[in-house]
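> no sequence on this one, just coordinates:
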C-alpha cells in the first residue's frame, strides 16, 4: 500500500469533478496531495501536448509508482482500480 498518493491534473476542473474528488478524499485513509496545473492553451495543439507531457514526466519522476488517467485509456471498475493500488 502507498503511504502517499499524488493527484496531478492538467486542465480545467469542473465543479462536478471537485465535488467527487472531495467525496472520495474523505473516504480514503491514505494521505493524498493534489496538484492542478493550467493547460497551455495559448500554444498549438502539438506544443501543448509536448509541454503537458514534459510537466507530467517531471512530476512523475518524484513518484515510486505512476498511473496516468486518460478518457481514452483502459476502463477499470472501482474494484480493479483499488486492486491496482494495493
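Looks like it came in fine. The structure displayed is predicted, hence computed values, not measured ones.
> C-alpha from now on. contacts and neighbour counts both.
Noted.
> next SSE after the helix or strand containing residue 46?
Applying DSSP states H and E as the criterion places residue 46 in helix 45-60. Downstream of helix 45-60, the first helix or strand assigned by DSSP H and E is helix 78-85.
> distance from the chain centre to that next one, please.
Between the centre of helix 78-85 and the centre of its host chain there is 15 Å, according to Cα atoms, centre = their mean, to the nearest Å.
> got the buried residues for it?
Neighbour counts over helix 78-85 (16 or more other Cα atoms under 10 Å) mark no residue as buried.
> mind giving me the packing neighbours of that helix?
Contact partners of helix 78-85 among helices and strands, from 3 or more Cα pairs under 8 Å, 6 or more residues apart in numbering; DSSP states H and E: none.
> which non-adjacent residue is nearest residue 34?
In this structure, residue 34 finds its nearest non-sequential neighbour in residue 7, 4.7 Å apart by Cα to Cα, 6 or more residues apart in numbering.
> low-confidence ranges in the protein?
1-4, 29, 62-64 (pLDDT under 70).
> chain center to stretch 77-86, what's the gap?
15 Å.
> how about the residue in the chain sticking out farthest from the centre, what does it touch?
Of all residues in the chain, residue 44 has its C-alpha farthest from the mean position, at 22.8 Å, by Cα atoms, centre = their mean. For residue 44, the contact set (Cα atoms under 8 Å, 6 or more residues apart in numbering) is empty.
> roughly how far apart are it and residue 53?
Look at residue 44 and residue 53: by Cα to Cα, to the nearest Å, they are 14 Å apart.
> residue 82 now?
As for residue 82, its distance to residue 53 is 26 Å (criterion: Cα to Cα).
> now residue 21
Distance from residue 21 to residue 53, by Cα to Cα: 23 Å.
> flag every buried residue along the helix holding residue 46.
Neighbour counts over helix 45-60 (16+ other Cα under 10 Å) mark 52, 56, 60 as buried.
> I am finished for the moment; much appreciated.
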